[in-house]
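**Student:** need a structure here:
(chains A, B and C)
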Amino acid sequence: MVLPGVAFFVLFKIIPGLGSVIAFQDFNIFKGIFRSDWVGLDNFRALLSYSEFPRIFRNSLTIGLLKIIFTFPAPVILALLLNELRPGAFKKLSQTALYLPHFLSWVVVSQLFINILSPQGGAVNSVIAFFGGKEIFFMAQEKWFRPIFIISSVWKESGYESIIYLAALAAIPTEQYESAAIDGVGRVQQLLHITLPALLPTIVVVFLLRTGNFLEVGFDQIWTLANPLVWSVADVFDTYVYRVGVLGGAYSMSTAVSMFKSAISLTFLMGGNYVAKKATGRGLF
Amino acid sequence: MKFHARKHAAAAALVLALAAGLWAGGAKDAKASGGASAGPAEPYRFRFAYGPWDAGKGKVELKDQPGNPYFQWVEQRVGVVPLIESWEWQGGSGYVQSLRLALASGEKFEAIRPWDMQLTQELIDSGIAIPLDDLLDKYAPTVKAAFSKEQWDMVRAAGKGKIYYLPQYGHIPGLRAGMVRKDWLKRAGIAKVPETKQEYVAMLRAFKAKDANGNGDPADEIPVSGREMLRWFDDLFVMHGVVMYEGHPQWKWNSAKGIFESQQVSDEMKEAIAFIRELYAEGLIDNVMPVQKAADWQAKISSDKVGTYFHLLGEVASYSKFVKDKVDKDESGLAYWDVMPMPPQVEGKPRYKNVYPLIQEPTLMITKYAKDPAAIMRWFEFGSTQEGQIFKDLGIEGKDYVKEGDAFKVINRLPAAQLRFLSGYTAYVPDIVRSTSLGPAKVAMIDKVKAAGVQDLEAYNLPPATYKGFEDYAPATAKLYREYASKMIIGALPMSAWDDYVKEWYAKGGQTVTERATQWYKGIKGLK
Amino acid sequence: MAAGKIGRANSAFFKSYGKFGATPVEVGIVYLLLAASTAAVLLPFLHEIAKSFSHPNDVEAGRVLLFPLRPTLGNYRYFLQPEFNALPRAFVNNLFITAFGTLWSVFFTALTAFPVSRPRKEFPAGKGVMALVIFSIVFAPPMIPYFLAVRSYGLIDSWWSLFLPHTVLPFNMTLVVSYYRGLPEELFEACRIDGGGDLRMAFNIAMPLSKPILATVGIYTAVVFWNMFLHPLLFIRSQDLMPLQVFVRSILADAADMAGQDASLNLFSNSQSSKSALVMLTTAPIVLVYPFMQRHFIKGSLSGALKS
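**Tutor:** Below you'll find the predicted structure:
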């Protein structure tokens, strides 16, 4: 039964994955994998000695962590709120509306945020001016970049990511709530003692999966949202690879960076899995 | 539930069948009959990795289409036709990426349009591309004459003294210049297009103070605008002597220092940044410019909000949509704009010309797999003559256009580029441009800029190896420059921070890159 | 005290708005937060819709907020031009690819997830397969080897190059495995006792009970296929087979900075309003998937099974 799935993994993940050896080469498309020169760890050394490496490392890590801390709980909270409603028009409208932003590309969403935050007639600054304040050029200031990044992430993805939690909530038998209500247990207490425990396995699984690629901070989002004035906090591994690749053909370097990121993510994932197992008895494996 | 399952299963089976059918029958043979035996009577058809493929506008694909009149016309006329392979263009990067993948898979093209210098170099180094010197001399006189000896030497530098690629010619209608709103000038009480820096600033101030666009609101004018990454207001840089192209700082020989100096850190650049900083502080340049995306910048110009901007002459009409709402409209939009053939002059300095590379992207390379390289060269040569130009732009005489005296009259506007083939340009044929819908006005503008002349962008063909390991220093990236210069312009950093910035620039790798570039330049120019 | 709370739970007001045992304040807060969130999400969308029906000049001048100005269908009609005649075909392609791809992927994902979810003694390789899954989430193959592999399997210019590499989506599979593990063991034991084999357990017990998770995975998978861009870009060569997003990206990308030979004054060409219209057109179908699937998120589907 499991054979087709395993075949898939072998064909499309493992076999091409072996091609990662080009990270240890100076890969040339005309020589191919077998005849390109081997350079050992040179690409990794180049990465680590890159003058801006501390910055991209710090930014990637920070943004990755901020993303998990802030964008992880939001879908859960949304799902819990939606779950409080009885089926009806408002619930249906809410559910559908909330997952819409996911379908807009970052080009569109970033443009939206840039416009709303614009000092030239953007909505936010209009409100500020209305109350007598001075307009703020948000997108030009480093200190605002990370909050804007997180808020736009939450805005765009929470609804979509809440779907899995709604599915899990749907599986909780209603009798448990009925008997609790009859026993006089309040809604908040029900939340703590019935809902959350039942949701915990899903929460743990999704959380661990997110740590598995927590350094994938979203190239499209950063690229469209950032500008040179905030690069000092927005420059990450992916933008570095993009720049290096801009001259074309930097396959070895981008593979090396990718490996580096994956190694770090894997460490976090293993750590997270261990902690999860200790704390809740469940992990990914 | 069972019914749904059955319905789903039936749908799945249907789609499965369709997909299987498509796979079996639809898998198009990518290895087109490239080397179709070129018998003596048969035209030679060669496999050419060329095409752009753009969104609904159709794939440029001239596979064997004997029934296609354009295909036939070229076959008859030249005896050789390309069988074009295309990939999604995506701004050029999609094309190069897909081309690389195809090459990595071992595809054997007979001719390639590499477009990217890095790929060109790899094709040369791997021995796949063949030298073109003899073929050029024998079969392509028009192409040979299109470039000066110095320019060909630049091409030879990539190929160890031999010519391995034919570059694209600097296409005249692709010229850039500053555009100014004529009607704004009138309302602001300014007699003519500014020619000095003083006049220019005075014009900006007048735009800001008066209701220059005539809509009753004196506060909504933006005298001059630009895009993020400090792009597309080149004229404000060039006027100080900076070699700036599309917002990417280039290189200039500094004889005093004896180096090929990156404009990212030159003294001229410092002056230019200081000037822009003053404009910013006075509110004369769009204050959201540092974060402004291209679409927004274009929208502003098109909405009658911007007084002067810098861009391609050919695009003026698309940035003039406001004309549709004007009462007395001139549909072409060109009546509202005048061109600044050269940036304004700074007192005490020469008047600099706009920057434009006269040789551009590598457009043709012939590979060792070509069965008849001479024929390919003949085809390219034809496309570069006036006759070939006319065919490319207007089509077949009698069918798509007619000649009335010296003028061309278009009968049938050609469909997407997929039915024609493109090649390097040599001649600018004004009559062709005149025959298009905005013709005469555009030609007038082009003539003005042509008369003023351009500054050749010498460093356009700097080999990519110059930046190896220091990609942040390439003009298109210019990371450190953009960060610091942007901050200085908006006032987040003082101009006094410039010297430290230059030091940092050299220290983090600029020194090495400058040395490499200087060596290249000296080699090209024969300097010591 | 208890009686008071029961009274509240039974009152008609809460029967229609809140859930068991919810107080009016709690229900009010929920509504407030959700209304605010929904507005935060809908307003920008209404803005996009308004733009798509507005006159291009008003959109570009920034005058359009939530309501269309000088309403027009021109932005939508713009895409009916012969210039874009590849678009309808691409749209239909996308529908097929999404429908088939979703069924294909959900089926195999669920199928592969089942044995993995079984305890060690029943399926010892479970941990190994799970390790494969985790590995593929963390490590992605580099582009050239991936391309060469897919090419060597003969999948170039075929829709199978889109389906096969997405046979099992690791993220989805992990979710399903976790869900299966949460199903009560008694059901499977009962099935075994009845003489049922692995297949019976998988198809007759696990899958029917997993409607919420399969619906979720279905939605996530459908979105993946609908939005697919990189795989078609690399692997599809014929215009007829090309799905939608590759075209859409080209149209939406900035066509500025081109030496337009004959850039005539077409209001709608390269305008923000027509781009909004394109976004609406190409997003509408996939957006409708969720409401359609919502009926599968049935509460208490499990409880029924337990009782029997």
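**Student:** how close does residue B:174 get to chain C?
**Tutor:** 4 Å (Cβ to the nearest Cβ, to the nearest Å). All C-beta spots, glycine's among them, are computed from the backbone N, C-alpha and C.
**Student:** Give me the pLDDT for that residue.
**Tutor:** We note a pLDDT of 73 for residue B:174 in this prediction.
**Student:** these two touch, right, it and residue B:312?
**Tutor:** Yes. With contact defined as Cβ atoms under 8 Å, residue B:174 reaches residue B:312; the gap is 6.0 Å.
**Student:** Which segments of chain B make up each domain?
**Tutor:** Structural domains annotated on chain B: B:44-169+B:358-424, B:174-356, as defined by automatic domain parsing.
**Student:** whoops, I mixed them up, chain A
**Tutor:** A:1-40, A:53-280.
**Student:** ok so, going back, looking at the domains of chain B, which has the lowest confidence?
**Tutor:** Ranked by mean pLDDT, the domains of chain B bottom out at domain B:44-169+B:358-424, with a mean of 83.
**Student:** I would like the residues contacting the strand or helix carrying residue A:92, please.
**Tutor:** Using DSSP states H and E, residue A:92 falls within helix A:89-98. For helix A:89-98, the surrounding residues in contact (Cβ atoms under 8 Å, 6 or more residues apart in numbering or on different chains) are A:78, A:82, A:85, A:158-159, A:162, A:166, C:31, C:34, C:37-38, C:41-42, C:45, C:287, C:290-291, C:294.
**Student:** Weed out the non-buried ones from the residues you listed.
**Tutor:** By neighbour count, with 16 or more other Cβ atoms under 10 Å in any protein chain shown, the contacts of helix A:89-98 hold A:78, A:82, A:85, A:158-159, A:162, A:166, C:31, C:34, C:37-38, C:41-42, C:45, C:287, C:290, C:294 as buried.
**Student:** and those, which of them are in helices?
**Tutor:** With helices taken from DSSP state H, the overlap with the buried ones among the contacts of helix A:89-98 comprises A:78, A:82, A:158-159, A:162, A:166, C:31, C:34, C:37-38, C:41-42, C:45, C:287, C:290.
**Student:** picking that back up, output the domains of chain B in TSV; the columns should cover mean neighbour count.
**Tutor:** As requested, the domains of chain B are arranged in TSV below (neighbours: other Cβ atoms under 10 Å in any protein chain shown):
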stretch	mean neighbour count
domain B:44-169+B:358-424	19
domain B:174-356	20
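**Student:** Pipe the ones you listed into a markdown table and attach distance to residue C:119 per row.
**Tutor:** Below are the domains of chain B laid out as a markdown table (distance: least, Cβ to Cβ, whole Å):
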| stretch | distance to residue C:119 |
| --- | --- |
| domain B:44-169+B:358-424 | 44 |
| domain B:174-356 | 55 |
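**Student:** picking that back up, pick the most buried one from the domains of chain A.
**Tutor:** Here the criterion is mean neighbour count by mean count of other Cβ atoms under 10 Å in any protein chain shown, and of the domains of chain A the winner is domain A:53-280, at a mean of 19.
**Student:** count of neighbours near the closest residue to chain B within chain C?
**Tutor:** Scanning chain C for the residue nearest chain B gives residue C:250, at 3.2 Å (criterion: Cβ to the nearest Cβ). Counted with other Cβ atoms under 10 Å in any protein chain shown, the burial measure for residue C:250 works out to 20 neighbours.
**Student:** ok, it touching residue B:92?
**Tutor:** No. With contact taken as Cβ under 8 Å, residue C:250 and residue B:92 are classed as non-touching, separated by 11.9 Å.
**Student:** Give me the mean pLDDT for the helix holding residue A:92.
**Tutor:** Across helix A:89-98, the average pLDDT comes to 86.
**Student:** next structured bit after it?
**Tutor:** Of the helices and strands lying after helix A:89-98 in sequence (DSSP H and E), the nearest is helix A:106-116.
**Student:** That following helix near chain C anywhere?
**Tutor:** Yes. Under the criterion of Cβ under 8 Å from any Cβ of the partner chain, chain C is reached by helix A:106-116 at A:107-108, A:112, A:115.
**Student:** Identify all contacting residues around that helix.
**Tutor:** Taking contacts as Cβ under 8 Å, 6+ apart, the residues outside helix A:106-116 that touch it are A:101, A:104, A:122-124, A:139, A:148, A:152, A:155-156, A:218, A:220-221, A:223-225, B:291, B:293, B:295-296, C:44, C:47-48, C:62, C:252, C:279.
**Student:** what pLDDT, on average, does that helix get?
**Tutor:** Per-residue scores along helix A:106-116 average to 91.
**Student:** what's the following helix or strand after it?
**Tutor:** Once helix A:106-116 ends, the next helix or strand along the chain (criterion: DSSP H and E) is helix A:123-130.
**Student:** Get me the contact residues on chain B for chain A.
**Tutor:** Residues of chain B lying close to chain A by Cβ under 8 Å from any Cβ are B:96, B:100, B:103-104, B:116, B:118-119, B:122-123, B:126, B:128, B:228-230, B:287-288, B:290-291, B:293, B:295-296, B:464, B:467, B:469, B:471-472, B:474, B:476-477, B:479, B:482-483, B:486-487, B:490, B:492, B:508-509.
**Student:** coming back round to it: need the domains of chain A in CSV with distance to residue B:150, can you?
**Tutor:** What follows is the domains of chain A, written out as CSV (distance: least, Cβ to Cβ, whole Å):
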stretch, distance to residue B:150
domain A:1-40, 31
domain A:53-280, 25
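**Student:** quick one: the helices in the stretch 201-308 of chain C?
**Tutor:** C:207-209, C:211-226, C:230-235, C:244-252, C:272-287, C:289-293, C:301-307 (DSSP state H, counting those that start in this stretch).
**Student:** Over to the stretch 51-200 of chain C?
**Tutor:** Listed in chain order, the helices of the stretch 51-200 of chain C (DSSP H, counting those that start in this stretch) span C:56-60, C:74-77, C:87-117, C:126-138, C:143-152, C:160-163, C:170-181, C:185-193, C:198-200.
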